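[1] Can you look at this prediction? I've put the sequence above it.
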Amino acid sequence: MERTKYFKVTSKKNSKMKEQNFKNHAKLVPLFHGLTAPLVLIGFIGAIVNCFRAYHNGGGRITAVLLFLLFTIGGLFFWFIRSFSLGAQDRAIRAEENLRYFSITGKLFDSRLTMKQVIALRFANNDEFIALTDRAVKENLKPNEIKQAIQYWKADHNRI
């Protein structure tokens, strides 16, 4: 019995979603990446400038330091919120792709595969997934090299 018939890659085709490929697969959230990140950075730089001015003027040092700490904490929150959510998504992707690999081959992933390689491999459809996985291990392909080698792109609209 063929194992692949038990695990079929399904994609929910939404008429609003463009077909995904190497050139358009990266996802940016305008309010997060385009507005929040620059505002946090501008605020942080302003807080540093304010600290130097307060130090040289001799007044308002406590307020300047508190403002600097506030923007430092805000920047750290911004960084950790993003990295924690990506870490959780990465673990889910690794588990999904390991299950897909196991359902097709009966074996688990090669332990030499890096998380970034697995994340890149998720875009390969079942027909080229195994060969590309083996090639990624043997040639130590970088994520972009893996994505560029994919002939039949399997979209992932769920990762943010």
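    Good, I have the coordinates.
[2] For residue 28, which residues are in contact?
    Going by CB atoms under 8 Å, 6 or more residues apart in numbering, residue 28 touches residue 34. Backbone N, C-alpha and C define where each C-beta goes, glycine included.
[3] mind checking the SS state of it?
    coil (DSSP: H, G, I helix; E, B strand; the rest coil).
[4] gap between it and residue 36?
    12 Å (CB to CB, to the nearest Å).
[5] same thing with residue 125?
    Residue 125 is 35 Å from residue 36, where distance means CB to CB.
[6] Next one, pLDDT for residue 1 please.
    What the model reports for residue 1 is a pLDDT of 42.
[7] repeat for residue 32
    Listed pLDDT for residue 32 reads 80.
[8] A helix includes residue 107, no?
    No. Read with three-state DSSP, residue 107 is coil and lies in no helix.
[9] Locate the residue nearest to it when sequence neighbours are not counted within the secondary structure: which element?
    Leaving out its chain neighbours, the residue that sits closest to residue 107 by CB to CB, 6 or more residues apart in numbering is residue 101, at 7.3 Å. In this structure, residue 101 sits in helix 61-105 according to DSSP states H and E.
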